[in-house]
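> okay, sequence plus prediction incoming.
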Amino acid sequence: MVKQPLVILGSARKQSDTLFYVDFVFKNTGVKVIDLLDFNIAAYNYKEHYPENDMFLELVSEMLNHETIIFATPVYWYSMSGLMKIFFDRLTDLVTTEKHSGRKLKGKSISLLAVGADEVLPDGFEIPFKSTADYFGMNYKACVYFSTDHPKQEKEKMRKAFIDCLNLDLPDRP
């Protein structure tokens, strides 16, 4: 089991504000970042027939190797990104055909790093993350929201508070 967290990044572009804040929080800490743009994950399908090149189970396997999983997403129309939503919809496979993997999520910790332009995170934004954690028996630990308009000093305080909430022993950034 890998001690360092796994960050699952769900932005629609490679050089996104969300990646900027993931780097801001975790740069030089050894945290592994997986970009959903690098994974071919088909949309959920009730017949559970997926293309041969579907990589969802590969990503689940990586998740199972970590104690802590952090979902990083921009706020798109008051909700998680489309990429993140497709990934969350596929979690359905973990309660049907892949139950053995779904059961292994129990006891893991998840957190949320969200980025948007509004001053505060939209009401209800955390609900899918908290409810998913509850459903799988995972611990929902923390959420940090970085508004692109927050002052730099405030962002540094938020970074420290988020790391403290995660209860991670991460080195200070140089």
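Thanks, I have the structure now.
> how about the contacts made by I41?
Contact analysis of I41 by C-beta atoms under 8 Å, 6 or more residues apart in numbering lists D54, M55, F56, L59, L83, I86, F87, R90. C-beta here means a position set from N, CA and C on the backbone, and glycine is covered the same way.
> export these to JSON lines and tack on secondary structure, neighbour count and pLDDT?
Converted to JSON lines, the contacts of I41 look like this (DSSP: H, G, I helix; E, B strand; the rest coil; neighbours: other C-beta atoms under 10 Å; pLDDT from 0 to 100):
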{"residue": "D54", "secondary structure": "coil", "neighbour count": "14", "pLDDT": "98"}
{"residue": "M55", "secondary structure": "coil", "neighbour count": "16", "pLDDT": "98"}
{"residue": "F56", "secondary structure": "helix", "neighbour count": "20", "pLDDT": "98"}
{"residue": "L59", "secondary structure": "helix", "neighbour count": "18", "pLDDT": "98"}
{"residue": "L83", "secondary structure": "helix", "neighbour count": "21", "pLDDT": "97"}
{"residue": "I86", "secondary structure": "helix", "neighbour count": "17", "pLDDT": "98"}
{"residue": "F87", "secondary structure": "helix", "neighbour count": "22", "pLDDT": "98"}
{"residue": "R90", "secondary structure": "helix", "neighbour count": "22", "pLDDT": "98"}
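> and what about I41, helix, strand or coil?
Secondary structure, DSSP: H, G, I helix; E, B strand; the rest coil: I41 is coil.
> closest to the centroid, which residue in this protein?
Nearest residue to the geometric centre of the chain (C-alpha atoms, centre = their mean): F71, 0.9 Å.
> could you dump the helix or strand encompassing that one to PDB, C-alpha only?
Element membership of F71 [criterion: DSSP states H and E] is strand 68-74. Output in PDB follows, covering the C-alpha atoms of strand 68-74 (Å, rounded to 0.1, in the frame of the first residue of the first chain):
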ATOM      1  CA  THR A  68      -5.800   8.400   0.400                       C
ATOM      2  CA  ILE A  69      -7.400   9.500  -2.900                       C
ATOM      3  CA  ILE A  70      -7.900  13.200  -3.700                       C
ATOM      4  CA  PHE A  71     -10.300  14.200  -6.500                       C
ATOM      5  CA  ALA A  72      -9.300  17.400  -8.200                       C
ATOM      6  CA  THR A  73     -11.800  19.100 -10.400                       C
ATOM      7  CA  PRO A  74     -12.800  22.400 -11.800                       C
END
